[in-house]
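# One predicted model, sequence on top.
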Amino acid sequence: MSDETSSPSDIAALTARMVHSDETAWREFYDGYFNRLLRYLLVVTNGREEAARESLQLTLMRVVRNIRKFDSETAFWSWLTVLARSSVVDESRKRNRYLALLDRFFHAGSTATDANESDTDAHLLQVLEQRVANLPPEERDLIERKYFDAGSVKEIADELETTGKAIESRLVRIRRKLKDAILAQLETER
């Protein structure tokens with residue numbers, strides 16, 4: 001499907017089929033819009049491919065959760081770009097929060113004596129340190145390569161002789177595992 005030449009009835013039919021979970025319609029959507037959205041996101045992220053791909057993944061998940069029928073390709077594309085831009089913003093915020101937490105974690109030794117640091121931050125860093133230390137060695141190694149050594153997913157995948165998608169999936173699972181463990185511990189300490 002060429003998104004530039006799609007007629008309104010084509011888009012209306014496609015999106016209506018997508019709403020009804022038609023697998024063929026989803027494949028048509030993917031074939032017609034995946035590369036277009038990726039190019040758009042590469043522009044929005046200033047050419048940072050990893051950020052564009054992470055945002056694209058989030059965008060596609062949002063499309064699946066929020067699909068509705070559209071009467072024109074222009075309206076559909078506009079909706080997709082809104083989802084894509086908000087995915088970039090959300091991913092950036094999430095990454096910044098996570099990196100700030102990791103930065104505080106890494107500098108806990110030098111900042112723990114700082115009189116302005118709150119007890120809450122110090123405790124959170126301690127919990128994070130414990131949870132990262134308790135990870136299986138291969139998971140801890142992956143977290144260290146990505147966040148402490150600032151390795152790209154592609155570099156890590158090449159080193160481990162696997163795909164970038166496999167590394168991304170593992171990182172998502174490990175981050176979720178860390179988050180759940182930290183939240184559970186904090187909840188029991190209340």
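Thanks, I have it.
# Which SSE is immediately downstream of the lowest-mean-pLDDT helix or strand in the chain?
Lowest mean confidence among the helices and strands of the chain (mean pLDDT, DSSP states H and E): helix 108-111, at a mean of 50. Note on helix 108-111: by DSSP states H and E, the next helix or strand toward the C-terminus is helix 119-133.
# Return the residues in contact with the residue nearest the centre of the chain.
For the chain, residue 54 is the residue whose C-alpha lies nearest the centre (Cα atoms, centre = their mean; 4.7 Å). Residues near residue 54 by Cβ atoms under 8 Å, 6 or more residues apart in numbering: 91, 168. Backbone N, C-alpha and C define where each C-beta goes, glycine included.
# again, only this time at 7 Å
Residues in contact with residue 54 (Cβ atoms under 7 Å, 6 or more residues apart in numbering) are residue 91.
# how about the strands of the chain, start to end?
Counting by DSSP state E, the chain has no strands at all.
# Output the longest helix belonging to it.
helix 73-106 (DSSP state H).
# per-domain residue ranges of this structure.
Following the assignment in automatic domain parsing, the chain carries domains at 8-91, 107-189.
# wait, which of these is closest to residue 98?
domain 107-189 (7.5 Å; Cβ to Cβ).
# for this structure, what are the low-confidence residue spans?
Within the chain, the stretches with pLDDT under 70 are 1-8, 104-118.
# let's go with 90 and repeat that
1-9, 46, 48, 50-51, 87-156, 158-160, 164, 175-176, 178-190 (pLDDT under 90).
# Let me know how buried residue 131 is, in neighbour terms.
17 (other Cβ atoms under 10 Å).
# ok, now the one 5 residues further on?
Neighbours of residue 136 under the rule other Cβ under 10 Å: 10.
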